[in-house]
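Novice: predicted model, plus sequence, below.
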4 protein chains.
Amino acid sequence: MDGDKKQERKKALETLTRQGILDAVTALLIRDGIQSLTMDRVATEAGVAKGTLYVYFKNKEEVLYAALDASLEPLVVELSALLTGDSAPDAKLEEFSLCHLRFFDEHQDLIRILYYDREKTYSEKHRYTDERYRTSVRQVAAVLDEGVRRGQFAPLDSLKAAAMFIEANIGMVMQRIHGGDYGGVEKDAQQVTDIFMNGLKRRV
Amino acid sequence: MDGDKKQERKKALETLTRQGILDAVTALLIRDGIQSLTMDRVATEAGVAKGTLYVYFKNKEEVLYAALDASLEPLVVELSALLTGDSAPDAKLEEFSLCHLRFFDEHQDLIRILYYDREKTYSEKHRYTDERYRTSVRQVAAVLDEGVRRGQFAPLDSLKAAAMFIEANIGMVMQRIHGGDYGGVEKDAQQVTDIFMNGLKRRV
Amino acid sequence: MDGDKKQERKKALETLTRQGILDAVTALLIRDGIQSLTMDRVATEAGVAKGTLYVYFKNKEEVLYAALDASLEPLVVELSALLTGDSAPDAKLEEFSLCHLRFFDEHQDLIRILYYDREKTYSEKHRYTDERYRTSVRQVAAVLDEGVRRGQFAPLDSLKAAAMFIEANIGMVMQRIHGGDYGGVEKDAQQVTDIFMNGLKRRV
Amino acid sequence: MDGDKKQERKKALETLTRQGILDAVTALLIRDGIQSLTMDRVATEAGVAKGTLYVYFKNKEEVLYAALDASLEPLVVELSALLTGDSAPDAKLEEFSLCHLRFFDEHQDLIRILYYDREKTYSEKHRYTDERYRTSVRQVAAVLDEGVRRGQFAPLDSLKAAAMFIEANIGMVMQRIHGGDYGGVEKDAQQVTDIFMNGLKRRV
DNA sequence: GATGAATGAGTTTTCATTCAT
DNA sequence: TATGAATGAAAACTCATTCAT
């Protein structure tokens, strides 16, 4: 039967429009920032009518939410897999830095959206970005705790150290962006690792 | 002549109004965030007419800019003094952490304005907050360079490490806020210092 | 041949769809009022695609028109039959009240549609509801005229008295609804009849 | 001092704008009905900017509410005074009819707004019109009760009879409008009175 | 300087209707 | 016939800014 095929093609088309909208949002966000993001512009950029946006999304907030979600999904998934994997704690942190820097090396402009526009994007209920952030903090903290248990790291307040670590990575990314650095990710990841690994290490 | 006195009184009154407006902005910013800051509300909160705002400031952007400036001035001045002072590099970093944490311990809500609302606040030309941030990065980097020169710290990319350090401090503040921590600033500052000092230390 | 059968079945199905749409409209009208009636909701409620509505009806107005028509048809037919029947004028009025109250006792929510949403529903050309109302007025007026001719009622402006009578009945229904009365229709019909019969009666 | 004068003039001007808006709403309501009432048109009709509407009223609902309120205020006040006055019950009802007819004779178009657009105008919370209507019903019912107590009227369900009476008066107005009647108010009021007085009268 | 009424461009959102499949 | 994705005109509402007093 070709009913299935039709269904399939239809679904594909739908996804295409939806994705087109999300891409448009991301593009606009990167190009002009969140302040000047209007539904009008999104529609124009996506090449659809304004009304179409409301066919796929309930309101502006949802579009924004979905777009950020889609953009950051890969990073979130990768980091999460990495942190909850089987490697040793120090290896995990090293990987984390590398992964983080690599992602934003390829998607430099997303950092502005992710970290500069943090919180403001959403209404009070919807702090999704923040939730994602909190999850990262907790996962890193778990890794630190494991390191302490294994005697690799000195005892510490793991949640706070985790926040420090993550933010330090962000700082590194931002500094790279500001300095116009492209490439050389490994060296920078190394520096983060060096400082933190030594800083955390149990001192004998 | 009492022309002078009049002039004086006038000036004093003017300063009072101006300050009143800035205080209103800060209060509103802390209370409701940047999204819901309107000139209308500022005027109401300050107890002046809407038109008065435009007597003292060119436009909304300028009001916001001035208010943030006024709020963060003390911190900026203190950090700047500290970083460009005569202490040893490691002592400076330690002081920096302590000072940073202390300030946001007392003005917890300002961190949201300062770091979450970063960039979005201003138009392209006016990245004042960011400028202030860049200055801090440079100053910390200078301290690190000095530390390297003195052989206290291992060689490093000082700008990047500076960004890491500053962001790590911010991470600590945010974690404190999230955890609802009040007080105990010294212990947390100690953890930042511990990790970074050991991390930066020249290894023999 | 089964062409006929096919045709038949087709027609039956068509009628089913059509009726389903009308039922959906009535249900929505009763549930949420006319303000929130959208073609989208009608389609959803009826379980058909939005486009289908336009297969069976020219536009929203026609759907609404047809739905109200279908809902009120029974009452209109009954009242009309009653008023143009063979009973005596006073009996007719008595029956009218009873019938009117009974109908809206069973379909309480329709009164809102019928009398509150009167006129607003339609464009200038289409005052169908109103037309139906005018017909009722004329029919009741004819009954009154007959009563006058027979010497039962005192001479009067029959159209105006008819309007009064009909509206008085509506007033009774609304009061019943407002008071949350269910049942006891006969007693209330009796009061309408009592007042009007005595009021109209030729005084000797 | 002329500070007072200034204040006065200012207030007068404000009231003028406000009243101008309300007049515009009433005019549009009468001319085109409630369906086509848009804030845009109100602004144009009132000769002010759209934004000005929102300076004086919170939203569309409030404008509508205020306009109807202002239009019907005189009638409501007059009827209320009349019904709660010192006259005998039958005189009150007679006066009511006369007053009611007279008002709508002069403001024929308001009846459409008042009675056709009843309820639909407002959101669920705001049934002001309806509240006004309920008050009238109660006041008339009180008059009827008083008539019963005095032995002028036969015992009855006063609230329901009151609703009947009021609606009958509305029916009369609508019939007059439909018939294009102008003037002759007294005769029509007489008919309402005749029918109801005789209908209500205690029968011996 | 101080006021605050008035502005109007700009924004989000709705929804009846169309049309290619 | 039936679909439902797409449309776009129209509506409500916001708010920084101006300007006459």
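Specialist: Yes, it's here.
Novice: CA atoms for contacts and neighbours, from now on please.
Specialist: Noted.
Novice: chain A - how does it break down into domains?
Specialist: If you go by automatic domain parsing, the domain ranges for chain A are A:1-57, A:60-200.
Novice: what about the last one and DNA strand F, touching?
Specialist: Think domain A:60-200. No: using Cα under 7 Å from any atom of the strand, we find that domain A:60-200 stays clear of DNA strand F, coming within 13.4 Å at best.
Novice: and the shortest one, by the same measure?
Specialist: Yes: using Cα under 7 Å from any atom of the strand as the criterion, contacts between domain A:1-57 and DNA strand F involve A:10, A:13-14, A:17, A:47-55.
Novice: okay, now A:Phe103: neighbour count?
Specialist: For A:Phe103, the neighbour count with other Cα atoms under 10 Å in any protein chain shown is 19.
Novice: give me the element it is part of.
Specialist: Element membership of A:Phe103 [criterion: DSSP states H and E] is helix A:89-106.
Novice: OK, contacts around A:Leu144?
Specialist: Neighbouring residues of A:Leu144 by Cα atoms under 8 Å, 6 or more residues apart in numbering or on different chains: A:Pro89, A:Phe153, A:Ser158, A:Ala162.
Novice: distance of it relative to DNA strand F?
Specialist: Distance of A:Leu144 to DNA strand F, computed by Cα to the nearest atom of the strand, to the nearest Å: 43 Å.
Novice: pLDDT at that residue, what is it?
Specialist: On pLDDT, A:Leu144 comes in at 96.
Novice: with the one 3 residues further on instead?
Specialist: Here, the pLDDT recorded for A:Gly147 equals 95.
Novice: ok, it to B:Gln190 distance?
Specialist: 20 Å (Cα to Cα, to the nearest Å).
Novice: more neighbours, these two?
Specialist: Higher neighbour count among A:Gly147 and B:Gln190: A:Gly147, with 20 against 16, using other Cα under 10 Å.
Novice: so which bits of chain A are right by DNA strand E?
Specialist: A:36-40, A:50-52, A:54, A:58-61.
Novice: just the buried ones from these, in PyMOL syntax?
Specialist: Buried residues among the residues of chain A next to DNA strand E (16 or more other Cα atoms under 10 Å in any protein chain shown), as a PyMOL selection:
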select buried, chain A and resi 37+39+60
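Novice: how about low-confidence regions in chain A?
Specialist: A:1-10, A:112-130, A:203-204 (pLDDT under 70).
Novice: select the longest helix from it.
Specialist: The residue-count maximum for a helix in chain A (DSSP state H) belongs to helix A:3-32.
Novice: tally of neighbours for A:Gly47?
Specialist: A:Gly47 has 14 neighbouring residues, counting by other Cα under 10 Å.
Novice: returning to what we had before: in the following helix or strand past the longest helix of chain A, which residues are buried?
Specialist: Downstream of helix A:3-32, the first helix or strand assigned by DSSP H and E is helix A:39-46. Across helix A:39-46, burial judged by 16+ other Cα under 10 Å covers A:Met39, A:Val42, A:Ala43, A:Glu45, A:Ala46.
Novice: check which helix or strand whatever residue of chain A ends up closest to DNA strand F maps to.
Specialist: Nearest residue of chain A to DNA strand F: A:Gly51, at 2.9 Å (Cα to the nearest atom of the strand). Assigned by DSSP H and E, A:Gly51 falls within helix A:50-56.
Novice: spell out for me which residue occupies the centre of chain A.
Specialist: A:Leu72 (3.9 Å; Cα atoms, centre = their mean).
Novice: so how far is A:Asp23 from A:Ala70?
Specialist: Here the criterion is Cα to Cα. By it, A:Ala70 lies 9 Å from A:Asp23.
Novice: the two - which one has more neighbours?
Specialist: Higher neighbour count among A:Ala70 and A:Asp23: A:Asp23, with 19 against 14, using other Cα under 10 Å.
Novice: so what's the more buried one up against?
Specialist: Per Cα under 8 Å, 6+ apart, neighbours of A:Asp23: A:Ala46, A:Ala67.
Novice: distance of A:Gly85 relative to A:Asp157?
Specialist: Counting by Cα to Cα, the gap from A:Gly85 to A:Asp157 is 22 Å.
Novice: hang on, the earlier thing: now the element after the helix holding A:Gly51, going C-ward?
Specialist: Sequence order places helix A:60-83 as the next helix or strand after helix A:50-56, per DSSP H and E.
Novice: packing partners for that following helix?
Specialist: Under the contact criterion of 3 or more Cα pairs under 8 Å, 6 or more residues apart in numbering or on different chains; DSSP states H and E, helix A:60-83 touches helix A:3-32, helix A:89-106, helix A:128-149.
Novice: tell me the angle of the last one relative to helix A:89-106?
Specialist: When you say that, I think you mean helix A:128-149. Between helix A:128-149 and helix A:89-106, the angle comes out at 150 degrees (axes from the mean of the first three to the mean of the last three Cα atoms, to 10 degrees).
Novice: tell me the first helix or strand C-terminal of helix A:128-149.
Specialist: From helix A:128-149, the next helix or strand downstream (DSSP H and E) is helix A:158-179.
Novice: touching chain B at all, the helix or strand just after that next one?
Specialist: Using DSSP H and E, the helix or strand that follows helix A:158-179 in sequence is helix A:185-200. Yes: Helix A:185-200 reaches chain B (Cα under 8 Å from any Cα of the partner chain) through A:Gln191, A:Val192, A:Asp194, A:Ile195, A:Phe196, A:Met197, A:Asn198, A:Gly199, A:Leu200.
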